[in-house]
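Undergrad: Structural data only, the sequence is not supplied:
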């Protein structure tokens, strides 16, 4: 045997031995360090971000969930009352806000259709407060529900909630803001933002093009985490794809408009306006209509409001958003249809209760709503 062949055999043998030495180290354990947890959360966030722009769920991949969804969409009783003898916890991001109230009502209605006992549907209001959200999670954990629907805005708190409920073997479904290790139900944030950006670009083109625009303003919510940031960054990307980053970047302003309270958004926008005193024609978006109401109020108070020169596209189209569109305060909004959220959340919940898999991403269908088509989707009462 030649020296060359002998050397190759020795190298291959060493590689095999090394492989078998490494593989046992891949075994999953239940103990993790803080650094490992952080890394896992980062990976989960990155995976969710990637999925937001690429995931297409296979038809027929979740037969039990899809069967429940058919009943939910039809507004009929679910087959075999799958929620009977189970309990469900729901934490609302902010009681009293039209969007959140619509979600909660939809959950209650669908829970009944699934055969659930209203007394076993537990509710807590997180009040847009991370501390309260964590306390509510502990209260719900003590009730030992079969599933938690977690509608909570702070991504860091959601990580803590995930650990607590995971240790108790209670599954979670996250609403609008991701929770690690939980199926996500809500909007594809990048997609809806891009839709809003495309709608704004049409308005810009009707005005004569990007040269007519002084600024592009993104009202963001950094505390919601990387995924929620996509709800505004997609708006920016639609402009970049149309006009190029070299043109768009100098015009773009990002600011923290808060989680959804008009007062906080009002103060933040007032500060933005002070930095662009000469801006007259602006394209504007934010994470929801509650923040947009505060933003518009700030523009009006500054004496700079002119509907013809402010291109405003919102997110959600809840009761506040519908009125903004009808009043001509906004040019349109991306409808999330919160009144139908329960048609995803309850089928997903009863599937988990009965040991059945659910899609990792349950995305709602979205539509651009304007003054021209709002009555088609939301007829005047």
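TA: Sure, I can see it. Everything numeric in this text was worked out from a predicted model, so none of it was measured.
Undergrad: I'd like the distance between residue 334 and residue 274.
TA: According to C-beta to C-beta, to the nearest Å, residue 334 stands 29 Å off from residue 274. For glycine as for every other residue, the C-beta is placed from the backbone atoms N, C-alpha and C.
Undergrad: quick one: which of those two has more around it?
TA: The neighbour comparison of residue 334 against residue 274 (other C-beta atoms under 10 Å) goes to residue 334, with 25 against 9.
Undergrad: Next up, the contacts around that one.
TA: 187, 192, 195-196, 199, 313-317, 366-369 (C-beta atoms under 8 Å, 6 or more residues apart in numbering).
Undergrad: Can you tell me which of these has the most neighbours?
TA: That'd be residue 314 among these, by other C-beta under 10 Å, with 32 neighbours.
Undergrad: Now that we're looking at that one, what pLDDT does it have?
TA: At residue 314, the model reports a pLDDT of 97.
Undergrad: Check residue 61 too.
TA: With respect to pLDDT, residue 61 has a value of 86.
Undergrad: Likewise for residue 334?
TA: Predicted confidence (pLDDT) at residue 334: the value is 98.
Undergrad: ok, what's across the strand from it?
TA: In this structure, residue 334 bridges to residue 315, residue 368 when assessed by DSSP bridges.
Undergrad: And for residue 284?
TA: residue 217, residue 312.
Undergrad: That one and residue 312 touch, don't they?
TA: Yes - Residue 284 is within contact range of residue 312, at 5.0 Å (criterion: C-beta atoms under 8 Å).
Undergrad: Which parts of stretch 215-230 count as buried, going by neighbours?
TA: Going by neighbour count (16 or more other C-beta atoms under 10 Å), the buried part of stretch 215-230 is 215-221, 223-230.
Undergrad: What is the end-to-end distance of it?
TA: Across stretch 215-230, the terminal residues are separated by 19 Å (C-alpha to C-alpha, to the nearest Å).
Undergrad: How about the most centrally placed residue in the chain: what's its closest non-neighbour residue?
TA: When the chain is reduced to its mean C-alpha position, the closest residue under C-alpha atoms, centre = their mean turns out to be residue 176, at 3.0 Å. Using C-beta to C-beta, 6 or more residues apart in numbering and skipping residues adjacent in sequence, the residue nearest residue 176 is residue 186, 3.9 Å away.
Undergrad: for the stretch 101-250 of the chain, what spans make up the helices?
TA: For the stretch 101-250 of the chain, the helices defined by DSSP state H, counting those that start in this stretch cover 130-143, 155-167, 189-207, 226-243, 245-248.
Undergrad: May I see those arranged in CSV, with mean pLDDT and distance to residue 323 as well?
TA: CSV is the format used below for these (pLDDT from 0 to 100; distance: least, C-beta to C-beta, whole Å):
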stretch, mean pLDDT, distance to residue 323
helix 130-143, 97, 28
helix 155-167, 96, 30
helix 189-207, 97, 18
helix 226-243, 94, 21
helix 245-248, 98, 31
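Undergrad: Turn those helices into JSON lines, including distance to residue 346.
TA: Below are the helices of the stretch 101-250 of the chain laid out as JSON lines (distance: least, C-beta to C-beta, whole Å):
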{"stretch": "helix 130-143", "distance to residue 346": "17"}
{"stretch": "helix 155-167", "distance to residue 346": "18"}
{"stretch": "helix 189-207", "distance to residue 346": "23"}
{"stretch": "helix 226-243", "distance to residue 346": "23"}
{"stretch": "helix 245-248", "distance to residue 346": "42"}
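Undergrad: Of all those, which one is nearest residue 330?
TA: helix 189-207 (10.4 Å; C-beta to C-beta).
Undergrad: List of residues touching the closest one?
TA: Residues outside helix 189-207 that contact it (C-beta under 8 Å, 6+ apart) are 52-53, 210, 212-213, 227-239, 242, 281, 283, 285, 311, 313-315, 331-334, 336, 366, 368, 370.
Undergrad: how far away is residue 308 from residue 97?
TA: Noted for residue 308: a distance of 29 Å to residue 97, by C-beta to C-beta.
Undergrad: average pLDDT for the host helix or strand of residue 325?
TA: Taking DSSP states H and E as the criterion, residue 325 maps to helix 319-326. The average pLDDT within helix 319-326 is 96.
Undergrad: now swap in stretch 260-278 and tell me
TA: Throughout stretch 260-278, pLDDT has a mean value of 94.
Undergrad: Show me what counts as buried in it.
TA: 260-262, 264-266, 268-270, 272-273.
Undergrad: Pick the one among these closest to residue 376.
TA: Nearest to residue 376 among those is residue 260, at 26.8 Å by C-beta to C-beta.
Undergrad: does that closest one count as helix, strand or coil?
TA: Using DSSP: H, G, I helix; E, B strand; the rest coil, the structure places residue 260 in coil.
Undergrad: Same question for residue 96.
TA: Classification of residue 96 by three-state DSSP places it in coil.
Undergrad: rewinding a little: how about the buried residues of stretch 260-278 in TSV, adding secondary structure and distance to residue 91?
TA: Listed next are the buried residues of stretch 260-278 as TSV, based on DSSP: H, G, I helix; E, B strand; the rest coil; distance: C-beta to C-beta, whole Å:
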residue	secondary structure	distance to residue 91
260	coil	15
261	coil	18
262	helix	22
264	helix	21
265	helix	23
266	helix	27
268	helix	26
269	helix	29
270	helix	32
272	helix	32
273	helix	35
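Undergrad: Save those as a markdown table, and put in distance to residue 381 too.
TA: Below are these laid out as a markdown table (distance: C-beta to C-beta, whole Å):
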| residue | distance to residue 381 |
| --- | --- |
| 260 | 25 |
| 261 | 27 |
| 262 | 24 |
| 264 | 31 |
| 265 | 28 |
| 266 | 29 |
| 268 | 34 |
| 269 | 31 |
| 270 | 35 |
| 272 | 36 |
| 273 | 36 |
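Undergrad: on that earlier part again, with residue 181 as the reference, name the closest of the helices of the stretch 101-250 of the chain.
TA: Checking those against residue 181 by C-beta to C-beta gives helix 155-167 as the closest, at 5.3 Å.
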